[in-house]
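Asker: With the sequence up front, the predicted model follows.
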Amino acid sequence: VAAKPVGRQGDAADVAACKAANDLVPCARPDTIADGLQGRLGNLTWPIVRDHVDAVVTVSEQEIVAAMRLIYERMKLVVEPSGAAGLAAVLAAGWQQA
């Protein structure tokens, strides 16, 4: 299962779009707080994702910030948004469906 931010305009989840289309879909560079996850799928990475990722859980900017806050409050750790995206996905409603 992969976690992917949807971005500020809701268009950042390229992995989710490619999995839904079952093909490599060109996407613009997203505007998201999770800048470490802004990489695009390409001809080398798409076959790996296609074959080994069963589901993609998308998370909003607010869910990422809430996960960062939870990590800080409970663990006293400051993490970058990209590092909190996984926890945000587990806490998201979409996780139950994945």
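Answerer: Arrived safely, thanks for sending.
Asker: Against Pro26, how distant is Pro81?
Answerer: Plainly put, Pro81 is 24 Å away from Pro26 if you go by C-beta to C-beta, to the nearest Å. (Glycine included, C-beta is placed from N, CA and C.)
Asker: Between these two, which is the more surrounded one?
Answerer: A count of neighbours by other C-beta atoms under 10 Å puts Pro81 above the other of Pro81 and Pro26, at 19 against 10.
Asker: Tell me how far that one lies from Ile33.
Answerer: 4 Å.
Asker: likewise Ala84?
Answerer: 9 Å.
Asker: same question, Gly7
Answerer: 9 Å.
Asker: Helices of this structure, residue ranges please.
Answerer: 14-21, 46-52, 61-75, 81-91 (DSSP state H).
Asker: Ok, which of these comes nearest Val1?
Answerer: With C-beta to C-beta as the criterion, Val1 lies closest to helix 81-91 of the helices of the chain, at 7.4 Å.
Asker: Contacts only, for Val79.
Answerer: Counting by C-beta atoms under 8 Å, 6 or more residues apart in numbering, Val79 touches Met68, Ile71, Tyr72.
Asker: which of these tops the neighbour count?
Answerer: Among these, the one with the most neighbours (other C-beta under 10 Å) is Met68, at 22 neighbours.
Asker: so what pLDDT did that residue get?
Answerer: In this model, Met68 is scored at 97, pLDDT.
Asker: What's the separation between it and Leu41?
Answerer: Counting by C-beta to C-beta - Met68 and Leu41 are separated by 25 Å.
Asker: any idea of the pLDDT on the residue sitting furthest away from the middle of the chain?
Answerer: Distance to the chain centre peaks in the chain at Lys76, reaching 23.3 Å (criterion: C-alpha atoms, centre = their mean). Confidence at Lys76, expressed as pLDDT, is 97.
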